[in-house]
Structures are given as structure tokens and as C-alpha cells.
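Asks: Pasted the sequence and its predicted model underneath.
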Amino acid sequence: MRVLIAGAGIGGLAAALTLLRHGFEVSIHEHARTLSEVGAGLQIGPNGAKVLHALGLSDALAAVAFHPESAEMRVGTSGRVIFSLPLGETARRRYGAPYYHLHRADLHTVLLQAVESRAPGCIHLGHEVREVRQDAQGVELGFTDGSSDRGDLLIGADGVHSVVRRELFNIADGEYTGMSAWRMTVPASRLPKGLVPPKAMVWVGPGKHVVTYYLRGGELVNLVGVVEEADWPYDGWTSLGSKADILKDFAGWHPIIQRIMEAGDDGEYYKWALRGLPPLDHWSQGRATLLGDACHPMLPFMAQGAVMAIEDAWVLAEQLARSPADIPAALSRYEALRKPRTTRVQSASRRNGKLYHQHSTAGQAVLYSPLWMVSRVAPDFFAGQLDWLYGEDVTRC
């Protein structure tokens, strides 16, 4: 089987690796002319780590990852701990795999090198998808430069802006959610030693929250600051801001937050509009299907966007290997297996946004006080609430 993949991001490369594992031929088409995965940090939970390890990437990941000791939720202004969830060796024992913090570029490089070592020349750059055509014998991608490629199956792993999704279902990019996200990384050497705890930390406050954690074995500190904004007044979905802008958005917040924000370089204070798309009725049509953000974009408040794409990739390849002669049946099973789980994660992400952004003191007391109490009376409670997520192992399905 010859499989066309639109998109050479994390989802597209993970799909290529899982397909190559079964002996399928892959042809990856990326609209960018150079491969450089931009962005900042990613959290890869044990459910995603299991897939990456099954693909033989554990050693490569160990060289670039950071292992957080725990996940904490704190009040953004005072720093008071609302609850803590042990990670590190505790998570490894409970779920059978580690919890990783990775720079997006590092994970992308690990996947890219693995694909290129297994299938040299399979990645084609500067191929912007213009149209999708299919018939009973195959599917064809047409590109804006007039060229095309034909295969037995097409996977649209081309992200939230997916052209493949638009071609299959006439569904565009989604709507602005009323939230934007600052993203930045800072060398740890610019900060006082020990200022940032070695944890995945969510700092919450009225209408906004901040996430902080280490990357690259502790060399970098990653910060994401999410702010509610009624409108997105900028051209495009990304805007360059300034140090003054981000400090204004989080004025009065904890000194740890302030110090990280102050340590950035001019020109790297970028803000992204967060967009959402309701769950799609279908992911597949004929010999074409979608994967990752192309079919289930989600708010980043469960830290599972990349992981869901990685899980998608494994399940899709397994179903295709089961019935390579009946592609529509394989795609139907893939969709049936994945949609309930990704929809649940989308929903949980939206709920976390409401939890983090309580506007009133009363609302904070109602939600946060019980969490604080439970964390002290039954410290294992929160881990139990996440077993459905981190305990999943699609490599055993």
C-alpha cells in the first residue's frame, strides 16, 4: 500500500513511522520549503510515551527530555498550592511509562530522523495542497505548483488549518475561542538557581492562567500565559507582542512568573489566538482520512494535543494492517476507536479552562477549597481521576 501524508509535523511523522513499521510505503508532502518545527514546550504524558517507546525512540527522547517531579496547581498571585500530583517515578510505576517535557523542535527532530533513516527521500517539501481527488482505485493530491502525487490512501495530518479537511468536508479553520496564549522559552541560566521548581505548574487566576516547566534537561524554562480576550484584532492568528505587553497582562502575579517574563529577549514575545472546532461528524471519506489537529483540534489545557495525534497514528496503522485490501473498513474502525477518546479529551480541556479562570472569589472558594482539602486527605485521588487518560496503552489494543 502506498500512503500519502499531507503534513510533516508531529502527527504526520508519527503516522509515517507507524505505517513504515508495517511495511507500507509512505510519501509525505509538506507545504513549507524547509523543515523547522517552531514552537515551545510540549508535555507528553505516559500514554503518548508508550507509543513513542514502541516506535524505538526511548533513547533519543531520554537525551532531550525533562522529567518533572510533579504537577501542581497554584494560585497565580500568592503561589499557594491548591493540589499536587506526583509524576516522576510515581507516574512511571503507575502507568508503565514516563511523563516527558519536550521542546516541540526536539520531538520533531527525533521523529524526523527516525523517518528519514527508515525511508530516505520520502519527505517532499514546498508541496502546498490545492485539491484532493479520488476514485475507486486511489487518491490523488494536487499541489499549487501544478504537480501531483497518487496513492492508495491519503492521511490529512495538516493541522488546524487543514486543506484536506476543507477538501473533504468543506470545514474551515474553526473559530476564535475568546482566549489567546503567550508562549516563550527562557534559558534557565538567566534566572536565579532554583527559582522555578522542577514541576509542571499551572498558576490560575481570574480570566487567565500560566503554565511553567523545564525543557532540555533543565536548560530552558517554558512559559505559556493564557488570557481571555473578547476579540482578536490582529492580522493572522499569531501576533508579535512585547515584554511590556505580557507583563501588563500578568501584573501583580507571583514573582516567579514576573521573573520568567522579564528574562525573555525582545522579539520572542509571541501571542497565538486559540481556536476551536466542534467534534466532526466524520473524519474519513472514501480513501482519505484525517489525523490529529486536522480532525480534533483542542484547547491545550489537558496537554494532550500532540499525544492524541501520536495515538491516532498508531491506531490508524494497526487498522490498516488488519485489512489493507479494504481501506474504507479500516478507516471506519479507526474512527470508531478514536473519536470517543479524542472527544472526551476535547471536553476535559474545555472544562479545565473554566476551572483555571474562575473570575469571582466565591467561585474560586467553591472550586479550589475542596481540591486543596482532597489533596491532603486523599493524595492519590487526583491520580485516580487521570487513570483513564494516562493509563491507556494503544500499543496493546
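Replies: Received it, and whenever you're ready, just let me know what you need. In this text, all values refer to a predicted model and were calculated from it rather than measured experimentally. Numbering: from 1, shown residues only.

Asks: If we go by neighbour counts, what in the longest helix anywhere in the chain is buried?
Replies: The longest helix of the chain (DSSP state H) is helix 327-356. Within helix 327-356, the residues scored as buried using 16 or more other Cβ atoms under 10 Å are 327, 330-335, 337-339, 341-342, 345-346, 348-350, 352-353, 355-356. Using the backbone N, CA and C atoms, a C-beta is placed for each residue, glycine as well.

Asks: after that helix comes which helix or strand?
Replies: helix 361-377 (DSSP states H and E).

Asks: which residues touch whichever helix or strand comes after that next one?
Replies: Next helix or strand after helix 361-377 toward the C-terminus (DSSP H and E): helix 381-385. By Cβ atoms under 8 Å, 6 or more residues apart in numbering, the surrounding residues in contact with helix 381-385 are 83, 85-86, 90, 94, 374-375.

Asks: next one: helix 381-385 to chain centre, how far?
Replies: 22 Å (Cα atoms, centre = their mean, to the nearest Å).

Asks: Likewise for stretch 242-253?
Replies: Counting by Cα atoms, centre = their mean, stretch 242-253 comes out at 26 Å from the chain centroid.

Asks: so residue 205 makes contact with residue 77?
Replies: Yes: using Cβ atoms under 8 Å, residue 205 makes contact with residue 77 at a distance of 6.4 Å.

Asks: which neighbours do these two share?
Replies: Among the neighbours of residue 205, those also in contact with residue 77 (Cβ under 8 Å, 6+ apart) are residue 253.

Asks: More neighbours: which of the two?
Replies: Legend: neighbour count by other Cβ atoms under 10 Å for residue 205 and residue 77, higher for residue 205 (22 against 15).

Asks: roughly how far apart are the more buried one and residue 254?
Replies: To residue 254, residue 205 is 10 Å away according to Cβ to Cβ, to the nearest Å.

Asks: shared neighbours, the two?
Replies: Residues touching both residue 205 and residue 254 (Cβ under 8 Å, 6+ apart) are 76-77.

Asks: Could I get the full set of strands for the stretch 1-150 of the chain?
Replies: 2-6, 25-30, 41-44, 70-75, 81-86, 100-103, 123-125, 129-134, 139-143, 148-151 (DSSP state E, counting those that start in this stretch).

Asks: whoops, I mixed them up, the stretch 201-350 of the chain
Replies: 208-215, 220-228, 238-240, 270-276, 288-290.

Asks: dump the residue contacts of residue 209.
Replies: So, once contact is read as Cβ under 8 Å, 6+ apart, residue 209 ends up touching 76, 202-203, 225-226, 356-357.

Asks: same question, residue 166
Replies: residue 172.

Asks: what secondary structure does it sit in?
Replies: Following DSSP: H, G, I helix; E, B strand; the rest coil, we place residue 166 in the helix state.

Asks: how about the contacts of residue 209 in TSV, adding distance to residue 316?
Replies: Below are the contacts of residue 209 laid out as TSV (distance: Cβ to Cβ, whole Å):
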residue	distance to residue 316
76	39
202	31
203	37
225	34
226	31
356	32
357	34
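
Asks: isn't residue 394 right up against residue 49?
Replies: No: the pair residue 394 and residue 49 does not pass the contact test of Cβ under 8 Å, sitting 11.8 Å apart.

Asks: More neighbours: the two, which one.
Replies: Comparing residue 394 with residue 49 by other Cβ under 10 Å, the one with more neighbours is residue 49, at 25 against 20.

Asks: leaving aside the residues next to it on the chain, what's closest to the more buried one?
Replies: Leaving aside its sequence neighbours, residue 49 sits nearest to residue 97 (Cβ to Cβ, 6 or more residues apart in numbering; 4.0 Å).

Asks: Need phi/psi at the one you found.
Replies: phi -160, psi 160 (degrees, to the nearest 10).

Asks: and it, what does it touch?
Replies: Counted by Cβ under 8 Å, 6+ apart, residue 97 has contacts 46-47, 49-50, 53.

Asks: Would you mind writing the CA trace of stretch 65-78 as PDB?
Replies: Provided in PDB are the C-alpha atoms of stretch 65-78 (Å, rounded to 0.1, in the frame of the first residue of the first chain):
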ATOM      1  CA  ALA A  65      13.600  15.400  27.700                       C
ATOM      2  CA  PHE A  66      13.000  16.700  31.200                       C
ATOM      3  CA  HIS A  67      11.200  14.600  33.800                       C
ATOM      4  CA  PRO A  68       9.000  16.700  36.100                       C
ATOM      5  CA  GLU A  69       8.700  15.600  39.800                       C
ATOM      6  CA  SER A  70       5.000  16.500  40.000                       C
ATOM      7  CA  ALA A  71       2.200  18.600  38.500                       C
ATOM      8  CA  GLU A  72       0.900  21.400  40.700                       C
ATOM      9  CA  MET A  73      -2.000  23.900  40.500                       C
ATOM     10  CA  ARG A  74      -1.200  27.200  42.300                       C
ATOM     11  CA  VAL A  75      -2.900  30.500  42.900                       C
ATOM     12  CA  GLY A  76      -1.300  32.900  40.400                       C
ATOM     13  CA  THR A  77      -0.800  35.800  42.700                       C
ATOM     14  CA  SER A  78       0.100  34.200  46.000                       C
END
